[in-house]
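> the following comprises the amino acid sequence and a computationally predicted model.
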Amino acid sequence: MLKRAWQVGMAVWLLASIEVWGQAEPSEAEQASDEQAAGAAVDGAAVAAPAPEPAEPPLYANRETRDMALLAQAVPSDQVVWLDVGGERVLALYQPAISASPSGAVLLVQDQDRNPTWPERIQALRLHLPEQGWTTMVVMLPPADPVSIPPREPLAPTAEAAAQSATQPPSNAPADAEARPETEEVFNDATGEVASVEAMEQSEPPEPAAAASPVAPAESRTDLRLAQAIEHLRGQGQFNLALLAEGGGAVRAARLFKSLGPEGFRALVLVDARHALGAEAGDVLAMAGADLPVLDIIAVDQPALLAAAQARSTAARRAGRALYQQLSLPRYEPELLRLSKRVRGFLDRHAKGVKVDDAQVVEPSN
């Protein structure tokens, strides 16, 4: 009985295993059919794959255009002014005075590689002075052109160089003799073959790419932008103007001051002024010695600027200017309140305008 039961169990187990193997292992015909179907699906996907899309053009023509567009989005829209400067769209920030009796307008000239909202000093003055009755305006300026390296004069050949040039082939030697590299084998000792001269000839160098359209110098572009900013202020009825320049912006402000003359501004404020800015030129000392009130602010932690500040003070004393004032303030302080108060107090004392009803503006004759 036990033997009979064991034989029945083994038979059942064999039948179950055969069914499982038959289900798990498909036949060769089924495998071939599945592979053909998969290949057809892959081929169909390859045929139906879309062609690569062409590369999109850049959003901005250059970095300066990008910076102006992003800055215009970051500030309130009522402060944004777009100036048309020779067909170029330039961003300016205009903040009218928050007062029933405004005092005038201040044109701010920022330092090199700065925008109208950075560093903090220009931003603090731009927003604080309107609360005290002074309209402010600052325009984006291009980066300064680098100083070009002057050409070097050729040195006289030494005796060793002259002797070396005598051993070299003359300049009228065949072109292939000069173009053949020294490491290239002409005769193969193993095979006795001579390399082809045509194969050794080097191809002619490619023609240089066409030069891009020339860009106007940064100095002329800056002067046009600042002049257009002055025109915009006058168009808003602002004729009582003061000029404030920071760092290397003093060089650019000096050119604007020279073009308008001392009568173009009522006061001048310099903040850590420098006398050089790349390849641009401007006489900052002439502004310091001009016949108008000047507030010259220098940072106490900037010893590199002390020599230039001393030169401005000397120029003012030589010109006999009694309204020249030099002041030392910390470069960074909470909310820059001391800087804003000193500048506002100086402008109120020396450049505050008086409203005149039915006034007639007389443009200076050329």
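The structure has been received and is ready for your questions. Numbering: from 1, shown residues only.

> list phi and psi for Arg255.
phi -70, psi -40 (degrees, to the nearest 10).

> where along this structure do the helices fall?
Residue ranges of the helices in the chain, as given by DSSP state H, are 2-24, 28-48, 63-74, 120-128, 159-167, 175-179, 197-200, 218-235, 249-260, 284-288, 306-318, 337-350.

> tell me the contacts of Ile122?
Leu108, Gln110, Asp111, Arg114, Pro116, Val138, Glu246 (Cβ atoms under 8 Å, 6 or more residues apart in numbering). Every C-beta, even on glycine, is put in place using the N, C-alpha and C of the backbone.

> for Ala308, the count of nearby residues, please.
The local packing of Ala308 (other Cβ atoms under 10 Å) involves 21 other residues.

> surely it and Leu285 touch.
No. Using Cβ atoms under 8 Å, Ala308 is not in contact with Leu285, being 9.1 Å away.

> common neighbours of those two, please.
His275.

> before we move on, the earlier item: redo the contacts of Ile122 as a markdown table? Include neighbour count.
Shown next, in a markdown table, are the contacts of Ile122 (neighbours: other Cβ atoms under 10 Å):
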| residue | neighbour count |
| --- | --- |
| Leu108 | 27 |
| Gln110 | 26 |
| Asp111 | 22 |
| Arg114 | 21 |
| Pro116 | 22 |
| Val138 | 26 |
| Glu246 | 24 |
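
> and the gap between the nearest residue to Trp82 once chain neighbours are set aside and Tyr60?
Leaving aside its sequence neighbours, Trp82 sits nearest to Arg89 (Cβ to Cβ, 6 or more residues apart in numbering; 5.5 Å). Distance, Arg89 to Tyr60, using Cβ to Cβ, to the nearest Å: 12 Å.

> where does this protein dip in pLDDT?
Along the chain, the parts satisfying pLDDT under 70 run over 1-50, 119, 161-162, 165-189, 192, 194-213, 354-366.

> what's the single longest strand in it?
strand 88-95 (DSSP state E).

> between helix 63-74 and that strand, find me the angle.
Counting by axes from the mean of the first three to the mean of the last three Cα atoms, to 10 degrees, strand 88-95 lies at 30 degrees to helix 63-74.

> what's strand 88-95 in contact with?
Contact partners of strand 88-95, identified using Cβ under 8 Å, 6+ apart, comprise 68, 71-72, 75, 79-84, 116-117, 126-127, 130, 135-140, 221, 225, 228-229, 232, 236.

> give the buried residues for that strand.
Residues Val90, Leu91, Ala92, Leu93, Tyr94, Gln95 are the ones in strand 88-95 that count as buried (16 or more other Cβ atoms under 10 Å).

> same question, stretch 293-304
Neighbour counts over stretch 293-304 (16+ other Cβ under 10 Å) mark Pro293, Val294, Leu295, Asp296, Ile297, Ile298, Ala299 as buried.

> for those residues, which one is nearest Ala55?
Closest approach to Ala55 among the buried residues of stretch 293-304 (Cβ to Cβ): Ala299, at 47.4 Å.

> residues in a beta bridge with the closest one, which ones?
Leu329 (DSSP bridges).

> for the closest residue to Glu333 other than its chain neighbours, give me its contacts.
Leaving aside its chain neighbours, Glu333 sits nearest to Leu339 (7.5 Å; criterion: Cβ to Cβ, 6+ apart). By Cβ under 8 Å, 6+ apart, Leu339 lies in contact with Arg121, Ala124, Leu125, Val271, Ile297, Leu329, Glu333.

> can I get those in CSV with distance to Phe265?
Supplementary listing: the contacts of Leu339 in CSV, determined by distance: Cβ to Cβ, whole Å:
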residue, distance to Phe265
Arg121, 20
Ala124, 21
Leu125, 16
Val271, 16
Ile297, 17
Leu329, 22
Glu333, 27
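
> list only buried entries from those residues.
Listed as buried from these are Arg121, Ala124, Leu125, Val271, Ile297, Leu329; burial here means 16+ other Cβ under 10 Å.

> which of those lies closest to Arg321?
Using Cβ to Cβ, Ile297 comes nearest to Arg321 of those, at 16.5 Å.

> hmm, Leu270 and the closest one touching each other?
Yes. Ile297 is within contact range of Leu270, at 6.6 Å (criterion: Cβ under 8 Å).

> hmm, back to that, need the buried residues of strand 88-95 in a markdown table with distance to Glu64, can you?
Below are the buried residues of strand 88-95 laid out as a markdown table (distance: Cβ to Cβ, whole Å):
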| residue | distance to Glu64 |
| --- | --- |
| Val90 | 9 |
| Leu91 | 10 |
| Ala92 | 14 |
| Leu93 | 16 |
| Tyr94 | 20 |
| Gln95 | 22 |
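
> among these, which pair sits farthest apart?
The widest separation within those (Cβ to Cβ) is 17.0 Å, between Val90 and Gln95.

> not counting its neighbours along the chain, what's nearest Asp113?
Pro143 (5.8 Å).

> quick one: residues contacting the one you found.
Taking Cβ under 8 Å, 6+ apart, one finds Glu64, Gln112, Asp113, Ala218 in contact with Pro143.

> what's the distance between it and Arg126?
20 Å.

> buried subset of the contacts of strand 88-95?
Of the contacts of strand 88-95, these count as buried by 16+ other Cβ under 10 Å: 68, 71-72, 79-81, 83, 116-117, 126, 130, 135-140, 221, 225, 228-229, 232.

> report the set of residues contacting both of Ile297 and Leu270.
In contact with both Ile297 and Leu270: no residue, using Cβ under 8 Å, 6+ apart.

> show me the contacts for the closest residue in space to Ala273 that isn't next to it in sequence.
In space, and not counting its chain neighbours, Ala273 is closest to Ala250: 3.7 Å by Cβ to Cβ, 6+ apart. Ala250 sits next to Val109, Leu270, Ala273, Arg274, His275, Gly282, Val284, Met287 when contact means Cβ under 8 Å, 6+ apart.
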